[in-house]
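Engineer: the sequence and its predicted three-dimensional model are supplied below.
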Amino acid sequence: MAVKKAKKMINPEKIRGDVRYGDLYKLGGKVRKRREWRGVKDTLYDYSRWLGIMFTLGKFVAVPRNVKGMLRYRWMANYLAVPMMVDRHTQGLRGEYLRMCHTQQDLIIIDVAKLLNNLFRGDRRIGNDKAFSDKVVLVDENEMTAVMMGFPTLKGLSRETPSTYVSVLLNQHAAEHYIDVAQEFGLAGDVCPMPEAEAGVSIDDDAPVLGKCAIQCNTTCDGSLLGNGVISRRLEKEDGIPVFQLPAPLRHREDDVQEYAAEEIRRAIRFIEEQTGEKWDWDYYFECARRVNIATKARNEWLDMNRTDYPQIFGSNLALYTETNYMAICGKVPEFEKADKKLMKLARKAYAKRKMAAPEYRHRAIVWGVQSHFYMDFLVWLLNCWGIVPLTDMLSMINTEMIAETDTPENREKAYYDMAWLTENMIMRNRTHGGYRVLLDELFEFVEMFNADMIILWEHITCKALDGMHGMFEDRARELGIPLVWVDHQLFDPRVVSRQGVRDQINTFMRTVMQEEPLDPSLEILEDGNSW
Amino acid sequence: MAKKVMKCLLYLLLFLSGFFIVTFTVYFLNLDMKLTAAIEPLLQKHYDRIRRDQHL
């Protein structure tokens, strides 16, 4: 079988400004020497967005209780690195790509600032607004928030999103303290460090205490169940916050599990109604469902573009936004509808002009498996250093179907099945659970569909869901002549495999197997072990 | 009156120019991140001093 190779594409447009991005890194430093020069127009645009981020942060710290929260919770220190996170994800981007990235990232920053503000408002230690806290339903970080789509007067808030998930995006070392705390208290060290860190936050007494009730979900794995057990024990027995366990079926593609899944959704909704005294609002539900469909349509169109020679919304621009919009927002925030439409406009404009995001596209890759969270901007690095276009990733390949969005008696019944479907197809778990078809077979279908000539397979070393199929991925790639590279990492813990350790695996593969030289050699080895 | 308006516009222009020069310097030289990187260790020491009810 001949090895598949995509055609090499050269960008006819010159990239303005800096082209050696590695020169901006300071040896062993936490931050970079200076920001990127992107030519006058794009630098001024990036500067204006930076001012916007500063304004958002300024507004946040102007509220005294938020300062109090910052001084109480260790994980809040990571929010000092917000502008740097944006710099990492916008590296090398110009024109429409830069604008798409800012449209997404700036909105996510505003949304997380609102989430923090709400958490501290209801937190018994900080704002202690009891009336507000009684309107809060706590949700898991790794949980589809579909069951909140019919409660306009309630707030579904996740404590884990700002304390661990976003924190690690901001600072690669953010979770280390909490992982150590969990293990000091006897929790296993060979489970996924994400739920372990979340449990660590609870053990360390570092989670805001608020809410009338909580919903936990069995997404996504054994580690997640372990973490939820530790967290719910504290919530129920000490904080007096009842917790509902929402168990979504694992074999989610089977027809015979859907009725059970819908029933669990009904039970979760009943639980929220009983605990809060609020009633399910169908008008609000269908309004949210319409926005979910707009987001799905937009994502489907972006994926269609990525099947062509001129992909537009890909890499971390696709991954980070999809995770936020699909799972945490789930149609509840109108601002994301506006962002979807703006992104679509920018993508169509760039596509019509046949724009490219780098000087050269050498390979078209599908990125599969659970990505290293402490190095989310690795996708940007792949493009800038080696000209590898990460067309899509496993976590972005979620629901592509429309849900019922008009209020009819039949659709009210279907809505439970739709919410169940969204929950079952939550990011990551729709691939790590459900059998070989969703994890293995569909990967190779996507390789064909996207005309990819490379597979980058994350090996999250404590994720048991993927490890069992290691050999099957290799056999299938060999049969089809698709170069496949495994990249080891430990999700939240760069002490096990560092960012350079991640890069080295690609560097070695590209030099030895692919016999290629990097597009930007300054990025091959970076001293960013101490960096945020 | 016109002189007064001109004077106001001049002050506004001077203010905006000053604002741009200062903020653009902070932005381009990454001074905001350099400052927060210096603050972070102090915050960590502060967090270490907080008494917590640590348990499973």
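Structural biologist: Ah, there it is.
Engineer: now for the longest helix seen in chain B, which elements pack on it?
Structural biologist: Counting by DSSP state H, the longest helix found in chain B is helix B:2-28. Contacts defined by 3 or more Cβ pairs under 8 Å, 6 or more residues apart in numbering or on different chains; DSSP states H and E place helix B:2-28 against helix A:40-61. In short, each C-beta sits where N, CA and C put it, glycine included.
Engineer: ok, the helix it packs on near chain B or not?
Structural biologist: Yes - counting by Cβ under 8 Å from any Cβ of the partner chain, chain B is contacted by helix A:40-61 at A:43, A:47, A:50-51, A:54.
Engineer: kindly report the same for stretch A:218-237.
Structural biologist: Yes - contact check for stretch A:218-237 against chain B, using Cβ under 8 Å from any Cβ: residues in range are A:230, A:233.
Engineer: mind listing what's buried in that stretch?
Structural biologist: A:218-221, A:223-228, A:230-232, A:234-235 (16 or more other Cβ atoms under 10 Å in any protein chain shown).
Engineer: what about the residues you listed, which are in strands?
Structural biologist: Of the buried residues of stretch A:218-237, none are assigned to strands by DSSP state E.
Engineer: follow-up on the earlier one: a markdown table for the residues of helix A:40-61 next to chain B, including pLDDT and neighbour count?
Structural biologist: A markdown table is the format used below for those (pLDDT from 0 to 100; neighbours: other Cβ atoms under 10 Å in any protein chain shown):
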| residue | pLDDT | neighbour count |
| --- | --- | --- |
| A:43 | 98 | 21 |
| A:47 | 98 | 18 |
| A:50 | 98 | 22 |
| A:51 | 98 | 15 |
| A:54 | 97 | 16 |
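Engineer: any chance of those residues in TSV, plus distance to residue A:448?
Structural biologist: Shown next, in TSV, are the residues of helix A:40-61 next to chain B (distance: Cβ to Cβ, whole Å):
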residue	distance to residue A:448
A:43	40
A:47	43
A:50	41
A:51	45
A:54	46
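Engineer: and which of these is nearest residue A:397?
Structural biologist: residue A:50 (32.4 Å; Cβ to Cβ).
Engineer: of the residues of helix A:40-61 next to chain B, which is the nearest to residue A:507?
Structural biologist: Closest approach between the residues of helix A:40-61 next to chain B and residue A:507, by Cβ to Cβ: residue A:43, at 29.7 Å.
Engineer: I'd like the distance between the closest one and residue A:96.
Structural biologist: 16 Å (Cβ to Cβ, to the nearest Å).
Engineer: list the contacts of stretch A:468-484.
Structural biologist: A:1-4, A:436, A:439-440, A:443-444, A:447, A:452-455, A:457, A:459, A:486, A:509, A:513-514 (Cβ atoms under 8 Å, 6 or more residues apart in numbering or on different chains).
Engineer: which other helices and strands does the lowest-mean-pLDDT helix or strand in chain A contact?
Structural biologist: Counting by mean pLDDT, DSSP states H and E, the weakest-scoring helix or strand in chain A turns out to be helix A:464-467, with a mean of 74. With contacts taken as 3+ Cβ pairs under 8 Å, 6+ apart, helix A:464-467 sits against strand A:454-460.
Engineer: who does the strand it packs on pair with, and is each partner parallel or antiparallel?
Structural biologist: strand A:363-368 (parallel), strand A:484-489 (parallel) (DSSP bridges).
Engineer: what's the burial count for residue A:104?
Structural biologist: Close neighbours of residue A:104, defined as other Cβ atoms under 10 Å in any protein chain shown, add up to 25.
Engineer: excluding its backbone neighbours, what's nearest it?
Structural biologist: Spatial nearest neighbour of residue A:104, chain neighbours left out: residue A:321 (4.2 Å); criterion: Cβ to Cβ, 6 or more residues apart in numbering or on different chains.
Engineer: which elements pack onto the helix or strand harbouring that neighbour?
Structural biologist: Assigned by DSSP states H and E, residue A:321 falls within helix A:316-322. Using 3+ Cβ pairs under 8 Å, 6+ apart, the elements in contact with helix A:316-322 are helix A:82-89, helix A:95-122, helix A:282-306, helix A:378-386, strand A:388-393.
Engineer: and residue A:344, which of these is closest to it?
Structural biologist: helix A:282-306 (5.3 Å).
Engineer: return the set of buried residues in the longest helix of chain B.
Structural biologist: B:23, B:26-28.
Engineer: what mean pLDDT does the helix or strand following that helix get?
Structural biologist: The helix or strand immediately downstream of helix B:2-28 is helix B:31-49, counting by DSSP H and E. Averaging pLDDT along helix B:31-49 gives 97.
Engineer: which bits of the stretch 101-250 of chain A sit near chain B?
Structural biologist: Residues of the stretch 101-250 of chain A that fall close to chain B, judged by Cβ under 8 Å from any Cβ: A:181, A:185-186, A:203-206, A:230, A:233.
Engineer: quick one: which of those residues has the most company?
Structural biologist: Going by other Cβ under 10 Å, residue A:204 tops those with 25 neighbours.
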